[in-house]
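J.: mind looking at a prediction? Sequence and model below.
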Amino acid sequence: MTSPVPQQRNYLDELNNIQRQAATQIDGPVLVVAGPGSGKTRVLTYRIAHMIQSGMAPWEIMALTFTNKSAKEMKERITKVVGPRGERVWAGTFHSLFAKILRVEAEHIGYPSNFTIYDSDDTKSVVTAIINEMNLNKEQYNANTIKSRISSCKSNLITPKMYVTRADMMEDDKAAKRPFFHQIYEKYVARCKRSGAMDFDDLLFRLYELFQNHPAVTNKYRQKFKYLMVDEFQDTNHLQYSIVKKFISYEGSPRNICVVGDDAQSIYAFRGATIQNILDYENDFKPHGIRIFKLEQNYRSTEHIVQAANEVISFNRNQIQKTIFSDKGEGQRIRVIRAITDSEEGKRVADAIMEQKNRWHLANKEIAILYRTNAQSRVFEEWMRHYNVQYRVYGGMSFYQRKEVKDLIAYLRLAINQQDDEALRRVINYPKRAIGGTTIDKIAATADSHSMPMWKVLTQVDFPARTRSAIDHFVAMIKDFSEKAKSHDAHVVAEYIARRSGLMDELKQDTTVEGIQRLDNITSLLDGIKTFVENDVVEDFGFGIADSGLEDAPNPQSGIRNPESAMDKSLAAYLQNIALMTDQDDQTKEGDYVTLMSVHSAKGLEFKSVFITGLEEQLFPSFMSFDTPEGLDEERRLFYVAITRAEQFLTLSYAASRYRFGQERSNPPSRFLDEINMAHLDASSPIGSRSAAPAGKFERAHAHAAPDGWFRTIKKRRDGQLQAPWPAAGGGAAH
DNA sequence: GAAGTGATGTTTTTT
DNA sequence: ACATCACTTC
């Protein structure tokens, strides 16, 4: 933000022909099919910049993303082109932008505007509580299964009421021995409602309902947002697309919408994402003159890498036809490392990294080690430490998921919304204040039978004298916190609460290494709140202040119209801010580290050198994916995503045996290895040495001794062609 | 109400 | 291997 004056250089010159067409086709529905490394983000941001340069108001543009990180990046890049007003584009995640709208419109759907957002842990805990209270068998009613089934209901617009009318789903439940699912679902929804809480799916679902039932409200937003953009469209679920259509499809709408996606990079089907949305989109908007642009040139990777990716993905059954190409030259061949054990895999990958660092002068941050499951990170960490290479592991337990952090946040949440049952459960007896399980169960049961929040029960129901006094004490304390929160900034209140709740004292008792770590985490949380209070980031979306002219209800929490407008330093504002945050977002710490992460987390990133590890059957592809052909296709897309992260160097590794679930197991190399033509592989690659029968889609025709002596199989592809997995004689190595 | 013991089930996870 | 959790025992 050095120059407030918009730069006048012609940003459109930085786009190729198709990219420019996609960026400048503003009116009417647009679909951009964007291969990996094809400059998708560039098109999106320049498109928005172009709109603003042509005189549109930034706050009339809504750009929906999946991560806070990509929203932030998009805003930064827009701002670079058009100046500070780029900040005022409504760019954010589905969840965060919809939460903002819902806070303003909460009254219409019977929610308080300071509603709590339940994270996955809260959701699971509500489900568990319901299962327990209903005395249901915990094996037949697995909390995680129930939770994801509820999520999938919401994602497919099935309310509890509709659920009982769905014969197919009720039959499913009967067959799966969980006939009471619909009751759990119904109770779950009711309980969130009475707790003044929304789970992640509610942030979408409630908005859909709002739009469904309140045409006047819907119209207001249709008028406000004149242009709608959706990034990573292949990862949207049915509900998300339905909301998008609510915004854009109505009588007389100009249907100014642009979605960007790549069906080949859809890797979240297990969470309800469906590429059907892309196909539906095409059909839904065909009558309205949809324009489709395919970005097929890859600017990221060299040819061996791009072609290998193309070959792999060609084994999938359904896809939008496109040919990704690169003009970066052949580049290095792909190297394959075979190891005996997982530990040896760690060593050989580390060796290869050292070699690359020496030979090509790669910095640590240009290198990534990717794996299918987070559990695989350990051996790599060990070897990185052994060679003294700086590394950073992503994923795993996030800061906000740590027990002590959640405990303090639960107190903060309770100070803002006493209806929040999950927060109350969490802290009512922590630190210990003699309110035990029996009492809590009684409170919960009473709350349930009267359909009221547990907090109300505390003050209204009879308890034995000792319990009564403990509860009164707790109630008085929370009321005190709540009062404090009304008149002080978030940091002052949080420090006060951390001390007065007894949480700090409790943690100070524990002098073990872990205990000290926990206290540290509380300190960093408090530091984070301090930063929030001191930071003068103006996050105004042009809603309610000067620009939009729309009449909005003021936010009762802060008295300011926009819940997140300038300078709201209240605790409520802070909680709203962090509810949808994940670690990845504030990992701003720059440094020269080798990146260790799951393939899923690597999506959208790129590295000069990439190691894809654990390429064995049962692991990658995962044993969980074998039931269905769709499952395998998704694993293959995942492999495709992994390959296409690499710019110049790609190394694939597998181990003949590894420790898994405490036992040593052997698995043949991944079928995916065989799907890459040998022409792209380094001559030293130990491919096709599998001893067990391959479980791939192709039949094994004959076993052949390859020119280099490795024993391989000839594959018969779906098109019936036989394909030898090694290059013709003479097609030697690159070096 | 706490602390100890044995059985159990393991992917990925933007929000 | 490891964490979680139901259940026992004090």
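T.: Alright, I've got the coordinates.

J.: where do the helices sit along the stretch 151-300 of chain A?
T.: When secondary structure is read from DSSP state H, counting those that start in this stretch, the stretch 151-300 of chain A shows helices at A:160-163, A:167-175, A:181-194, A:200-213, A:215-224, A:238-248, A:276-285.

J.: run a quick neighbour tally on residue A:320.
T.: When neighbours are defined as other Cβ atoms under 10 Å, residue A:320 has 17 of them. All C-beta atoms are positioned from the backbone trio N, CA, C, and that covers glycine.

J.: hmm, it is touching residue A:278, no?
T.: Yes: between residue A:320 and residue A:278 there is a contact under Cβ atoms under 8 Å: 7.1 Å.

J.: what do the two both touch?
T.: A:33, A:263 (Cβ atoms under 8 Å, 6 or more residues apart in numbering).

J.: before we move on, back to that, out of the helices of the stretch 151-300 of chain A, which comes closest to DNA strand C?
T.: Evaluated over the helices of the stretch 151-300 of chain A, closeness to DNA strand C peaks at helix A:181-194, with 15.1 Å, by Cβ to the nearest atom of the strand.

J.: now do that closest one against helix A:200-213, angle only.
T.: Helix A:181-194 and helix A:200-213 are oriented at 80 degrees to each other (axes from the mean of the first three to the mean of the last three Cα atoms, to 10 degrees).

J.: now helix A:181-194 - C-alpha only, PDB.
T.: Output for helix A:181-194, consisting of C-alpha atoms alone and laid out as PDB, is shown next (Å, rounded to 0.1, in the frame of the first residue of the first chain):
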ATOM      1  CA  PHE A 181     -30.800 -40.900  13.200                       C
ATOM      2  CA  HIS A 182     -33.600 -38.500  12.300                       C
ATOM      3  CA  GLN A 183     -34.400 -37.800  15.900                       C
ATOM      4  CA  ILE A 184     -30.700 -37.000  16.600                       C
ATOM      5  CA  TYR A 185     -30.700 -34.700  13.700                       C
ATOM      6  CA  GLU A 186     -33.800 -32.900  14.800                       C
ATOM      7  CA  LYS A 187     -32.500 -32.600  18.400                       C
ATOM      8  CA  TYR A 188     -29.200 -31.400  17.100                       C
ATOM      9  CA  VAL A 189     -30.700 -28.600  15.100                       C
ATOM     10  CA  ALA A 190     -33.000 -27.500  17.900                       C
ATOM     11  CA  ARG A 191     -30.100 -27.500  20.300                       C
ATOM     12  CA  CYS A 192     -27.900 -25.300  18.200                       C
ATOM     13  CA  LYS A 193     -30.800 -22.900  17.800                       C
ATOM     14  CA  ARG A 194     -31.500 -22.600  21.400                       C
END
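
J.: does it reach DNA strand B?
T.: No: for helix A:181-194 and DNA strand B, the contact criterion (Cβ under 7 Å from any atom of the strand) is not met; the two come no nearer than 14.9 Å.

J.: now that helix: buried residues?
T.: By neighbour count, and taking 16 or more other Cβ atoms under 10 Å as the criterion, the buried residues in helix A:181-194 are A:181-182, A:184-189, A:191-194.
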